[in-house]
Structures are given as structure tokens and as C-alpha cells.
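> Below are the sequence and a predicted model for it; my questions follow.
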Amino acid sequence: QASLAAPLVKGNCTRTCGGVAIPFPFGIGIGCFLSEWYEIVCKESNNGTIPTLNKAKLRVLNISLPNYHDGTNGMISVSLPIIYSPNGTCGEHRSFVPVSLKGSQFIFSESRNVFAAVGCNI
């Protein structure tokens, strides 16, 4: 019976950030990630430590590597707020700068995107 191997991490690189496992080719710190598109930065906030895909400036929710045995693709789940109100009032809105993945190996999923609306008069 085969056992599941732990996600690979290079050398003495940090394995988690904000409760999210960070497997190679992603990584935290110099020499720990494959390329600049795979660099994760741990940002401190009032809500704890937040893992961020540094080049795209996106909050990382989960990372799963490809599983070649069952044919599933790898996926990095991120939070991408489009419009939000930082203090919860309906009168003040800020827009998020569009994200470009040009030059990376990443694409937005056609089937796994989730849109949620929370707020006033929705």
C-alpha cells in the first residue's frame, strides 16, 4: 500500500504561512521558489499572517500540486476582491487594480471561479 508523501519543500525553507502549506515550486525566501511568479511573501496584518503571491499581489488561500496518478491539475486558490468597502459603509467604495498573469504559467480557471456579493442593496 502506497503512502502519500508530504509536499516537497526545498532545504530549510519555510513550510507554511498563515495556515497554508507552501510546497515547492512555491516558496518563501531567497532560493526557495522556482521563479519570481512562485514567490510567496508572508504579510503581517491585524488578522494574522497572510500568504501572498508576490508578483501578482494576490492573497493565497490554498495550494495543491498536480497529482499525476489521478490526472488532477495543480491549483493555487487566491482571493481577488474586485470592489470592496474597507470600513463596511455603503457610501465608500474602492476598486481593485486588474490582475495580469501575462508572462506566467498561471491561468484563471473557467470552471472553478466563485463570485460572491456581500453588502448593501444587493
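Sure, I can see it. Residues are numbered from 1 along each chain as shown.
> what's the distance between residue 65 and residue 100?
Distance from residue 65 to residue 100, counting by C-beta to C-beta, to the nearest Å: 24 Å. All C-beta spots, glycine's among them, are computed from the backbone N, C-alpha and C.
> ok, the two, which is more surrounded?
A side-by-side neighbour count of residue 65 and residue 100, using other C-beta atoms under 10 Å, places residue 65 first with 17 against 9.
> What segments of this structure are strands?
Ranges of strands within the chain are 16-17, 20-21, 40-45, 48-53, 58-64, 75-79, 83-84, 94-95, based on DSSP state E.
> How much space separates the residue positioned nearest the centre of the chain from residue 40?
Closest residue to the average C-alpha location of the chain: residue 60 at 2.2 Å, with C-alpha atoms, centre = their mean. Applying C-beta to C-beta, the value for residue 60 to residue 40 is 6 Å.
> re earlier: for the strands of the chain, which one sits closest to residue 10?
strand 40-45 (12.5 Å; C-beta to C-beta).
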